[in-house]
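In: sharing a sequence plus its predicted fold:
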Amino acid sequence: MQFNKLFQKIYNGKNLNATEATSAFNNIMSGRINNSELAAFLVTLSLKGISSTELLSAVQVIRSKSIKIKSNGNIVDTCGTGGDKKNTLNISTATAILAAASGVKVAKHGNKSVSSKSGSSDVLEKLGININSPIKNVEKSLSVIGLCFLMAPLYHKAMKNVAEVRALLKVPTIFNILGPLLNPANASIQLIGVYSKDWLMPIATCLKELKIKRAWIVNGQDGLDEITTTSNTNVIEVYKGKIKSFKINPVQLGIKKIKLEEIKGKTASYNANQITKLFNNKKSNKAYEDIVVLNTAAVLVIAGKCKSLKEGITLSRKNIINGNAQKKLIDLRRLSNL
């Protein structure tokens, strides 16, 4: 199918069907499209509005070209889209570690920072984790301690075909939201934060088509791509083939609402130090602790480990106090550096 004709269709404001979208993204991810054509296509697609069919087709094409890791049972991922430009602590990364310490298997998918001062891999490096650990070590880590980190570029080699254009473009494209949908461990349980409420339903629809076991897609009413503690959070749940929406109010869960400035992060080194303090249970920032345990509680509910967010909050705090979170971080550091 000629790429030019597909471009003309979206230029005219029409959505691509599944066959057309699959053809377009196969051409893109195979490196058959020059940078000028690719830039025009991505910007035009964004301006038109990305349909759920186009999103699903892109995910399926990229998944087909990705490297997978061996995994057993229900795997959790806390990877979000990023892009909220709030520069908070690495909440989803800390959540991944604490969730694993609380008894669920987590394969955290992530990358270097794009829109903040510290991405998941940036802060993990400062915590002593080898983010480029060989696949055999990553698989061992997931199997032995129920936690691993998946550095996105190592598993999605075809992304090199869009890297240059993505770096040059100054507007968000479909590639800004694909990360959480491409976990190499085939995560079946997901907590996905999105930078705009406009992406809640499209991602939920995509996950339903992908037959995800259970997922919450969340966007704080303050714009945070996490379950926030500064305001309520909008949630779309995908579970048993159905989609429903609800809100999370932190006050109803015994968590005090705060100002956004209280959960701001800084550099990767600073954020790593704050996560270390939190897991050491020594002079940690209470606002950091509250938002991490709230997001961890959500993971525990989604994974079926806890029946309610209140129960999840209690269990999460317990696994900080008893040292399980710190031990899990130490184990991840050790196994990633074998």
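Out: That came through, no problem.

In: buried residues, stretch 202-215. List them.
Out: The neighbour-count check on stretch 202-215 (16 or more other C-beta atoms under 10 Å) flags 202-208, 210, 212-215 as buried. C-beta here means a position set from N, CA and C on the backbone, and glycine is covered the same way.

In: do the same with stretch 148-163
Out: For stretch 148-163, a neighbour-count test (16+ other C-beta under 10 Å) marks 148-152, 155-156, 158-159, 161-162 as buried.

In: still on that earlier bit, which of the buried residues of stretch 202-215 fall within helices?
Out: In this view, these that belong to helices under DSSP state H are 202-208.

In: of the buried residues of stretch 202-215, which pair is most distant in space?
Out: Across those, the longest distance by C-beta to C-beta is 19.4 Å; it joins Pro202 and Lys213.

In: does the spatially most central residue of the chain belong to a helix, a strand or coil?
Out: Centroid check for the chain by C-alpha atoms, centre = their mean gives Cys79 as the closest residue, at 1.5 Å. Local secondary structure at Cys79 is given as coil here, using DSSP: H, G, I helix; E, B strand; the rest coil.

In: contact partners for Val43?
Out: Going by C-beta atoms under 8 Å, 6 or more residues apart in numbering, Val43 touches 169, 171, 173.

In: and what about it, helix, strand or coil?
Out: Of the three states, Val43 takes helix under three-state DSSP.

In: ok, now how distant is it from Gly83?
Out: Distance from Val43 to Gly83, counting by C-beta to C-beta, to the nearest Å: 16 Å.

In: please apply the same query to Asn295.
Out: Using C-beta to C-beta, we find Asn295 at a distance of 17 Å from Gly83.

In: more neighbours: which of the two?
Out: Asn295 (29 against 19; other C-beta atoms under 10 Å).

In: where do the strands sit along this structure?
Out: Secondary structure of the chain (DSSP state E): strands at 76-77, 106-110, 147-151, 189-193, 214-220, 233-239, 242-248.

In: could those strands go into a markdown table alongside distance to Ile263 and mean pLDDT?
Out: A markdown table is the format used below for the strands of the chain (distance: least, C-beta to C-beta, whole Å; pLDDT from 0 to 100):
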| stretch | distance to Ile263 | mean pLDDT |
| --- | --- | --- |
| strand 76-77 | 22 | 98 |
| strand 106-110 | 19 | 96 |
| strand 147-151 | 22 | 97 |
| strand 189-193 | 13 | 98 |
| strand 214-220 | 11 | 98 |
| strand 233-239 | 13 | 98 |
| strand 242-248 | 16 | 98 |
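
In: identify the single longest helix in this structure, thanks.
Out: Taking DSSP H as the criterion, the chain has its longest helix at helix 286-302.

In: give me the angle between that helix and strand 214-220.
Out: Here helix 286-302 runs at an angle of 150 degrees relative to strand 214-220 (axes from the mean of the first three to the mean of the last three C-alpha atoms, to 10 degrees).

In: which elements pack onto helix 286-302?
Out: On a contact count with 3 or more C-beta pairs under 8 Å, 6 or more residues apart in numbering; DSSP states H and E, helix 286-302 meets helix 91-101, strand 189-193, strand 214-220, helix 268-280, helix 309-321.

In: show me what the last one is packed against.
Out: If contacts are counted by 3+ C-beta pairs under 8 Å, 6+ apart, helix 309-321 sits against helix 91-101, helix 286-302.
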